[in-house]
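Q: Make a model of this:
(chains A and B)
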Amino acid sequence: MTQATPSVSTYASGTADRPYDDEDISSREFWSTDMFEREKTFARLRSRDTITWHPTPADQIFEHPDDYGFWAITQYDDLVEVTKRHEDFLSGPGILMENLPAEFIEGAQSFIGMDPPRHARLRRLVASAFTPKQMRRINEMISRNAKSAVENLVAKAEANGGEADFVAECAGLMPMNNINDMMDVPDGDREEAANQTAIAMSWSDPEMVGHTKEEVINSLMTANGYCHELAVRLAGERRENPGNDLISSMAQAEIDGERLTDHEIGAFFVLLTVAGNDTTRQSTSHGLKALTDFPDQRAWLLEDLEGRMATAVEELVRWATPIATFRRTASRDMEFRGRQITAGDKVVMFYSSANRDERRIERAHELDLSRKPNPHITFGGGGIHHCLGNQLARTQLGAMFTELLTQAPAITAGEPELTPSNFFNIVKRMPAYPAGR
Amino acid sequence: MKIDVDYNRCTGHGLCELEAADVFEVGKDGLVQVLIDHPGEEHRQGIEAAIEICPTAALSLRD
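A: All right, here's what the predicted structure looks like:
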């Protein structure tokens, strides 16, 4: 069944005569720095006290002659407003600020790139697996996966002079095992699926995807192809022998009397794989770096791990902001913050910026693990697309940092190697020293 | 009190469960179930918090 709203087909955005803001937030160069460097630019943009118009990145994989740029939403209140008005700011035409091949996008977004009514119908199929109460039911599984990830890190470091790559040996493992336990994806397949989607999400990193346009597109489509084949195979098995897992839910689902197509099941799987793997692992890595850089904060947390962890996790996800941007498309002409938006314009929400907006978050540039209330918008500004996995992420991060600070309370992180990305705040590698350094 | 749910809006986010665990639970169909038909005054604060936090504004209260 195809969705009612048009899929990723409208690359046109804006007009040739609309003047651009001076600040560069488009180029690959900008996105190749780190979040602290980027924040200097975002702070200047927030001070304009409006939304700003910027050129489409010049070095994208997929250029379109009528794509003149995007509106940047850098202030907290504006981001919340855009989020809530899902009829004015559509997800159907695509939720990435970058232009990627339509075939890839359509095979990867599933309901995150949909508008009502189909959005809710797909999301509801799996919603009960991600609720607060369900997290309590699977808490043991989550704790177990955190424990084994940390044990692995400690063992690898011990065998390697006290150092191990935190991403490969810990941060990446826990969320991978949790989301794949929920989908009941076999060992071997789960590692390869995570590996493939990590490559795909690194479309701006030649080390991961190659240099030429052909190589990049090939990397993206290979990732999708692998995940689709795996998902369809598993769904077929689960139709015969249903379980309690997410793939069984997808396989047996009927919407308006019709089953999901293989393509829809594949895209659903890609979405859950990416969302499950490539977000929490960033918060984990940035979180460990923050605990290294601010030892007084770590000391505060260690005074009462159990009592203070939930509050600390909120601040760590605000600090890390694993998803830097999401895009919407204006459904009509409208005025917004004194600017004139035209139907079809891309509107990009900058979560990293909103999470540092001192209009809503006091001392926003300070890491304060005791921060309460903490109105961060890491999981979104509310609305129908509010992060499905927010409770899973919070539970995982609580389990992970409890394990880390219990098994290796002196652990430190070295300098992270970042993957350039205008989508995720990606840590590619980061040395960790469980016994300290 | 009586809780009204707009089932067109409810997408089973489950944040209501956090605010009033005795009153709300998301079912397998991804829609919220109201566990207590006529909750007493002791539940009012939790229910109002749930109404406030629901990302899709699917909940309301009738006295």
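Q: hey, let's count contacts and neighbours off CA atoms from now on
A: Fine.
Q: so where does A:Glu192 fall, helix or strand?
A: Using DSSP states H and E, A:Glu192 falls within helix A:189-201.
Q: tell me what that helix is packed against?
A: helix A:173-183, helix A:206-209, helix A:213-240, helix A:262-277 (3 or more C-alpha pairs under 8 Å, 6 or more residues apart in numbering or on different chains; DSSP states H and E).
Q: Same list (these) but as TSV, adding distance to A:Phe424, mean neighbour count and mean pLDDT.
A: TSV is the format used below for those (distance: least, C-alpha to C-alpha, whole Å; neighbours: other C-alpha atoms under 10 Å in any protein chain shown; pLDDT from 0 to 100):
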stretch	distance to A:Phe424	mean neighbour count	mean pLDDT
helix A:173-183	16	23	95
helix A:206-209	15	16	91
helix A:213-240	16	19	94
helix A:262-277	11	23	94
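Q: Put together TSV for those helices, with distance to chain B on each row.
A: Shown next, in TSV, are the helices and strands packed on helix A:189-201 (distance: least, C-alpha to the nearest C-alpha, whole Å):
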stretch	distance to chain B
helix A:173-183	15
helix A:206-209	34
helix A:213-240	17
helix A:262-277	16
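Q: relative to helix A:213-240, how tilted is the helix holding A:Glu192?
A: Going by axes from the mean of the first three to the mean of the last three C-alpha atoms, to 10 degrees, helix A:189-201 is angled at 150 degrees with respect to helix A:213-240.
Q: So for helix A:189-201, mean pLDDT?
A: Averaged across helix A:189-201, pLDDT comes to 93.
Q: List of residues touching it?
A: A:176-177, A:180, A:208-209, A:219-220, A:222-224, A:226-227, A:230, A:270, A:273-274, A:277-278, A:424 (C-alpha atoms under 8 Å, 6 or more residues apart in numbering or on different chains).
Q: Do a quick rundown of the strands in the chain.
A: I'll assume chain A. Using DSSP state E, the strands found in chain A span residues A:52-54, A:70-73, A:89-90, A:164-165, A:254-255, A:258-259, A:325-330, A:334-336, A:339-341, A:346-350, A:412-413, A:417-419, A:426-429, A:431-433.
Q: think we crossed wires, I meant chain B
A: For chain B, applying DSSP E gives strands covering B:2-5, B:24-26, B:32-34, B:59-62.
Q: between the ones you listed, which gets nearest to chain A?
A: Nearest to chain A among those is strand B:24-26; the distance by C-alpha to the nearest C-alpha comes to 5.8 Å.
Q: So what are the sheet partners of that closest one and their directions?
A: Counting by DSSP bridges, the strands paired with strand B:24-26 are strand B:32-34 (antiparallel).
Q: helices or strands next to the longest helix belonging to chain B in the packing?
A: Across chain B, the longest stretch assigned as helix under DSSP state H is helix B:44-53. Packing partners of helix B:44-53 (3+ C-alpha pairs under 8 Å, 6+ apart): helix B:15-19, strand B:59-62.
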